[in-house]
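Asker: what shape does this take:
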Amino acid sequence: MVYLTGTMLSINPLENLKIYVTNRPPLVIFMVSVSAVAIAFLTIGYFFKIKEIKSPEMTEVQWRWIQINHTKQNKQNGGKKAFWASLI
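Answerer: Below is the predicted model of the structure:
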């Protein structure tokens with residue numbers, strides 16, 4: 001029992017890591033990929049936290065411009081709706 005404990009303590013942790021990486025490459029690649037995605041999400045989250053994002057709501061001026069162009073488009077097409085106009 002004492003011999004086993006002494007043997008277990010004498011093993012180098014870096015050597016264990018090297019053996020683990022060489023014996024289980026799919027798991028290592030998976031863990032590196034998951035870590036990279038986590039770092040990317042944290043970076044994007046931090047960016048949006050510190051960056052001021054403008055409201056996506058349309059202003060009244062933009063809405064009027066779309067309505068005017070929609071009316072002009074209807075007149076040019078002889079009353080037929082354009083494809084994008086049907087989305088409004």
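
Asker: which other helices and strands contact the host helix or strand of Ser33?
Answerer: When elements are assigned from DSSP states H and E, Ser33 belongs to helix 25-50. Packing contacts for helix 25-50, counted by 3 or more CB pairs under 8 Å, 6 or more residues apart in numbering; DSSP states H and E, involve no helix or strand. All C-beta atoms are positioned from the backbone trio N, CA, C, and that covers glycine.

Asker: which parts of it are buried?
Answerer: By 16 or more other CB atoms under 10 Å, helix 25-50 has no buried positions at all.

Asker: do the same with stretch 16-25
Answerer: For stretch 16-25, the buried set under the neighbour-count rule, 16+ other CB under 10 Å, is empty.

Asker: neighbouring contacts of that stretch?
Answerer: Stretch 16-25 is touched from outside by Val28, with contacts defined as CB atoms under 8 Å, 6 or more residues apart in numbering.

Asker: domain parsing of this protein, as residue ranges.
Answerer: Here the domain parsing of the chain from automatic domain parsing is 1-53, 56-88.

Asker: which of those domains has the lowest mean pLDDT?
Answerer: Mean pLDDT per stretch puts domain 56-88 lowest among these, at a mean of 65.

Asker: next one: Asn69 from Leu27, what distance?
Answerer: Asn69 is 57 Å from Leu27, where distance means CB to CB, to the nearest Å.

Asker: hmm, I typed the wrong one, I wanted Glu15.
Answerer: Distance from Glu15 to Leu27, counting by CB to CB: 18 Å.

Asker: same question for Leu17.
Answerer: Separation of Leu17 from Leu27 (CB to CB) stands at 13 Å.

Asker: what do you get for Leu14?
Answerer: 18 Å.

Asker: and Trp65, by the same measure?
Answerer: Computed with CB to CB, the distance linking Trp65 and Leu27 is 56 Å.

Asker: same check, this time on Gln67
Answerer: Distance, Gln67 to Leu27, by CB to CB: 58 Å.

Asker: alright, that wraps it up for me.
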